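[1] How does the following fold in three dimensions:
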Amino acid sequence: MKEKILIVEDQFIEANNLEMILTRAGYAVSGIARSMPAALKLIEQDKPDMVMLDIFLQGPATGIDLAKVLREKNIAFIYLSANSNKEILDAAKATYPYGFLVKPFREKDVLVTLEVARYLHLHSLESMIRNTVTSPEPEIDTDSNFHGIIGNSSSLKKMLEHLQVVAPVDTSVLILGESGTGKEKVAELVHELSARSHQPLVKVNCAALPATLIESVLFGHERGAYTGATERRIGKFEQANKGTIFLDEIGEMPMDLQMKLLRVLQEREIERIGGNATIKIDVRVIAATNRNLEQEVAEGRFRMDLYYRLRVFPLLLPPLRDRKEDIHLLAYHFLHIYNVKAGRQIKSISPKIMDMFLNYDWPGNIRELEHMMETAVLLSDGKTINQVPMPAAKPAEPPKVKTIEENEREHIISVLIKCNGKIFGKNGAAELLGMNVSTLNSRIKKLGIDKARY
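    Numbers count the residues shown, from 1 in each chain. Next up is the predicted model:
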């Protein structure tokens, strides 16, 4: 018997659509609540296993308020939202949800997110303690090398647990992390552990392609589609058919291409430039970025609907400065690699050099450590590495302080979201902000806020 699920959503159409999706999939829906008090009453009566939770509800309390109660009761919850305000998203993330779904709901994404949420809740430490049941850990290699990913830190192990959950599930994956943290290696591993492992893995670096060429590279073109198109070109999506496409640096993709990528994710079809026929494709999309996509969405540079389509299951790669217990293992791993390449027989790294490694913040992450070890091997003339060209420490930058206009813009956007874009009248944004309608419209225009988005 599948879980009993409570829907907490104040919009009738969305709640109804979600109920139909869940019912068709064999879940028991314990009810629909439109406010926090109504939800608490149904939770007490029906004791649902999981809650699907909108951020904005009827009444003064929000879904974020309810999420804190659900955490105390050890009830798994998934947020439902179309919100792009960074402060609100940060507040939602701080409650540690088990998933995030964008409206309108895509049935496949709903069901995959539920499966992932079930696994995460079952294997959470909190759940194991409360239920006094020891659930088996995912089968991670007992040594420090998991398919070429080196380390024993808790943050890395948590990421690897999540990777093993999502790899066999045929859904989009968004890999987040700073430059040099190994996002491409993780993408390769997701593909390797999936059912598509015997099919092609096609890689595209969105940042390395000129905006004028990226559409042709991704979707292909017909002969004569534009000047210089002397022959038909098969795009990367067609090349990846039945397999996986890895879109690195997705945050660099132009807005017009983001819309076309969204169509690929939704409709599973493409059109070559200059062509008239649609081409059905079966491709798993893995995307990666070192940008803060939530900030990019809030500032209008990345489509919110595409962001949520991609992040059905995000994998967050920790920076090296947050997993310093892995530096020793990584340094010796690279020592072995470059010993072989350079024909050296260096046995060790001096304690002084290792202390320098441990006290350095590694802005370039694992890639920087690898390059440093390669140089150190070439410079060494004995059996021990005693010198490394460490960069000079940079003074810490002072934290950025938001301007008054930035704070005002974020506040007005949060109110517009709560009012569903309503400006005037009862419970409109002007009334809630205590402003004249014309004054509010003037501020909205000056601050560059697009009312239509809310």
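[2] can you give me the strands in the stretch 1-150 of the chain?
    4-8, 28-33, 50-54, 76-81, 100-102, 145-146, 149-150 (DSSP state E, counting those that start in this stretch).
[3] To residue 296, which of these lies closest?
    Among the strands of the stretch 1-150 of the chain, the nearest to residue 296 by Cβ to Cβ is strand 100-102 (15.3 Å). Every C-beta, even on glycine, is put in place using the N, C-alpha and C of the backbone.
[4] Which neighbouring elements make contact with that closest one?
    For strand 100-102, the elements it packs on are strand 76-81, helix 107-123, helix 304-310, judged by 3 or more Cβ pairs under 8 Å, 6 or more residues apart in numbering; DSSP states H and E.
[5] From the contact counts, what lies against the second one?
    For helix 107-123, the packing partners by 3+ Cβ pairs under 8 Å, 6+ apart come out as helix 12-24, strand 50-54, strand 76-81, strand 100-102, helix 154-166.
[6] Which one of these lies nearest to residue 192?
    Here helix 154-166 is closest among the helices and strands packed on helix 107-123 (Cβ to Cβ), at 10.4 Å.
[7] Let me know the average pLDDT across that closest one.
    Taken as a whole, helix 154-166 carries a mean pLDDT of 89.
[8] Show me what that helix packs onto, helices and strands only.
    On a contact count with 3+ Cβ pairs under 8 Å, 6+ apart, helix 154-166 meets helix 107-123, helix 183-192, strand 314-316.
[9] again, only this time at 6 Å
    strand 314-316 (3 or more Cβ pairs under 6 Å, 6 or more residues apart in numbering; DSSP states H and E).
[10] buried residues in the strand it packs on?
    314-315 (16 or more other Cβ atoms under 10 Å).
[11] chain center to it: distance?
    5 Å (Cα atoms, centre = their mean, to the nearest Å).
[12] Partner strands of it and their direction?
    strand 173-176 (parallel) (DSSP bridges).
[13] so residue 409 touches residue 448, yeah?
    No: Residue 409 is not in contact with residue 448 according to Cβ atoms under 6 Å; the separation is 7.7 Å.
[14] and the closest residue to residue 418 other than its chain neighbours, how many neighbours does it have?
    In space, and not counting its chain neighbours, residue 418 is closest to residue 56: 5.6 Å by Cβ to Cβ, 6 or more residues apart in numbering. Around residue 56 there are 19 other residues, counting by other Cβ atoms under 10 Å.
[15] hang on, the earlier thing: what's the most buried one of the strands of the stretch 1-150 of the chain?
    Comparing the strands of the stretch 1-150 of the chain by mean neighbour count (mean count of other Cβ atoms under 10 Å), strand 50-54 comes out on top with a mean of 27.
[16] Could you list the residues in contact with that strand?
    3, 5-9, 63, 70, 75-80 (Cβ atoms under 6 Å, 6 or more residues apart in numbering).
[17] Can you name the two of those residues that sit furthest apart?
    Within the contacts of strand 50-54, 3 and 63 form the most distant pair, 18.9 Å apart (Cβ to Cβ).
[18] what about these two, which has more around it?
    Using other Cβ under 10 Å as the criterion, residue 3 and residue 63 rank with residue 63 on top: 26 against 17.
[19] Double-check that one against residue 55; I have them as touching.
    Yes: A contact is recorded between residue 63 and residue 55 when judged using Cβ under 6 Å, the distance being 4.5 Å.
[20] who are the neighbours of the host helix or strand of residue 260, in terms of helices and strands?
    For residue 260, the host element (DSSP states H and E) is helix 255-267. Secondary-structure packing of helix 255-267 (3+ Cβ pairs under 6 Å, 6+ apart): helix 304-310.
[21] try 8 Å this time
    On a contact count with 3+ Cβ pairs under 8 Å, 6+ apart, helix 255-267 meets helix 211-219, helix 304-310.
[22] Geometrically speaking, which residue is the centre of this protein?
    residue 314 (3.5 Å; Cα atoms, centre = their mean).
[23] Check what pLDDT that residue gets.
    Predicted confidence (pLDDT) for residue 314: 86.
[24] low-confidence ranges in the stretch 251-400 of the chain?
    Along the stretch 251-400 of the chain, the model assigns pLDDT under 70 to residues 392-400.
[25] tell me the helices in the stretch 201-350 of the chain, going along the chain?
    Shown for the stretch 201-350 of the chain, the helices assigned by DSSP state H, counting those that start in this stretch span residues 211-219, 236-239, 255-267, 293-298, 304-310, 327-342.
[26] Reformat the ones you listed as JSON lines; add mean neighbour count.
    Formatted as JSON lines, those follow (neighbours: other Cβ atoms under 10 Å):
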{"stretch": "helix 211-219", "mean neighbour count": "17"}
{"stretch": "helix 236-239", "mean neighbour count": "19"}
{"stretch": "helix 255-267", "mean neighbour count": "15"}
{"stretch": "helix 293-298", "mean neighbour count": "20"}
{"stretch": "helix 304-310", "mean neighbour count": "22"}
{"stretch": "helix 327-342", "mean neighbour count": "17"}
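[27] And those: which comes nearest residue 28?
    Ranking the helices of the stretch 201-350 of the chain by proximity to residue 28 (Cβ to Cβ) places helix 304-310 first, at 26.0 Å.
[28] coming back round to it: and residue 409 and residue 448? Which one has more around it.
    Between residue 409 and residue 448, counting by other Cβ under 10 Å, residue 409 is the more crowded of the two (20 against 10).
[29] show me the contacts for the residue lying closest to residue 173 once chain neighbours are set aside.
    Distances taken as Cβ to Cβ, 6+ apart place residue 286 nearest to residue 173, at 4.7 Å, with adjacent residues excluded. Contact partners of residue 286, counting by Cβ atoms under 8 Å, 6 or more residues apart in numbering, are 172-175, 187, 190-191, 244-247.
[30] any idea how far residue 243 is from residue 286?
    11 Å (Cβ to Cβ, to the nearest Å).
[31] Mutual contacts of these two, please.
    Listed as contacting both residue 286 and residue 243 by Cβ under 8 Å, 6+ apart are residue 191.
[32] in stretch 32-49, what counts as buried?
    32-36, 38-40, 42-43, 48-49.
[33] Repeat that for stretch 414-432.
    In stretch 414-432, counting by 16+ other Cβ under 10 Å, buried: 414-419, 422-423, 428-431.
[34] From one end of it to the other, what's the distance?
    11 Å (Cα to Cα, to the nearest Å).
[35] any chance of the strands of the stretch 1-150 of the chain in a markdown table, with mean pLDDT too?
    Shown next, in a markdown table, are those (pLDDT from 0 to 100):
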| stretch | mean pLDDT |
| --- | --- |
| strand 4-8 | 93 |
| strand 28-33 | 91 |
| strand 50-54 | 92 |
| strand 76-81 | 88 |
| strand 100-102 | 78 |
| strand 145-146 | 80 |
| strand 149-150 | 91 |
